[in-house]
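Q: Return atomic coordinates for the entry below.
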Amino acid sequence: MKETNIILCGIGGEGLVMLSNVIGEACRLAGKNVISGEMHGLAQRSGSVIIHMRIGEEVLSPLIPPGEADIIVALEAMEALRYMYYLKPGGVVLTNKRLVHPPGETHDLVTKKIDKYVEYDEVVEAIQEGGAELREVNALSLAKKAGEVRAQNVVMVGALCSTLDGVIPRDSLIQAVKGTVPEKAVESNVKAFELGEKV
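A: Okay, here's the model as predicted:
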């Protein structure tokens, strides 16, 4: 089986660890070898978080070398841009349309060191200039539609499912979602997954 390298990124508090747990559990259920490694920023909330996931029989290290990620899944758009150097030429960036401005940028705006916040369209343009195949997901809107605003990460799992093209079977991903989220949230999270798949 060909190796598949996935970077998951976002900011603290968005549910990236749960996202990686779902993918890891789905790989286990499907009998796929997966190794992952995560690195948190300086803050649990709002700090940068990156998780390396490598799927394949020959994978021995959890770290993806720069320029070798097949897919970047970003729960926050600026984090997708931050980690673009990991993406291989022509790789896929699957990003949430959400933009969370870092505290430093807010400070600079308030103290008049900058005139305006960076806008989502500017971030997207920079990602596209990097040669990525960009797929945008309004995960917040879809999570609300599913009845669970905290399920933005599961919306992204659904969107990733169609991007992976059979690397991890859909049934394994749904089973992993059901086994990872609290029992009372299973129905809304499965719906969030299904809405993400349709993007």
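
Q: okay, which residue is most central for the protein?
A: The centre of the chain sits closest to residue 73, judged by C-alpha atoms, centre = their mean, with a distance of 3.0 Å.

Q: How confident was the prediction at that one?
A: pLDDT recorded at residue 73 is 97.

Q: how about it, secondary structure?
A: Three-state assignment for residue 73 (DSSP: H, G, I helix; E, B strand; the rest coil): strand.

Q: Surely it touches residue 8?
A: Yes - with contact defined as C-beta atoms under 8 Å, residue 73 reaches residue 8; the gap is 5.0 Å. Where C-beta positions appear, they are placed from N, C-alpha and C, glycine not excepted.

Q: Mutual contacts of the two, please.
A: Common neighbours of residue 73 and residue 8 (criterion: C-beta atoms under 8 Å, 6 or more residues apart in numbering): residue 19.

Q: Quick check: bridge partners of the residue nearest to the centre of the chain?
A: Counting by DSSP bridges, residue 73 is bridged to residue 8, residue 94.

Q: cool, and residue 34?
A: For residue 34, the beta-bridge partners under DSSP bridges are residue 55.

Q: from memory it sits against residue 57, does it?
A: No - contact between residue 34 and residue 57 fails when scored by C-beta under 8 Å: they sit 10.6 Å apart.

Q: The two - which one has more neighbours?
A: Neighbours per residue (other C-beta atoms under 10 Å) separate residue 34 from residue 57, with residue 34 holding more: 21 against 9.

Q: Contact partners for the more buried one?
A: Contacts of residue 34 (C-beta under 8 Å, 6+ apart): 23-24, 27-28, 53-55, 59.

Q: So residue 79 versus residue 99, what's the distance?
A: Noted for residue 79: a distance of 10 Å to residue 99, by C-beta to C-beta, to the nearest Å.

Q: no wait, residue 150
A: 18 Å.

Q: re the thing from before, from the contacts of residue 34, which is closest to residue 192?
A: Within these, the smallest distance to residue 192 is 15.1 Å, found for residue 23 (C-beta to C-beta).

Q: burial count for that closest one?
A: 28.

Q: just checking, it touches residue 6?
A: Yes - with contacts counted by C-beta under 8 Å, residue 23 reaches residue 6, the gap being 7.4 Å.

Q: Make sure residue 49 is indeed in a strand.
A: Yes - the assignment for residue 49 (three-state DSSP) places it in a strand.

Q: Do I have it right that it meets residue 37?
A: No - if you go by C-beta under 8 Å, residue 49 and residue 37 don't touch, sitting 11.9 Å apart.
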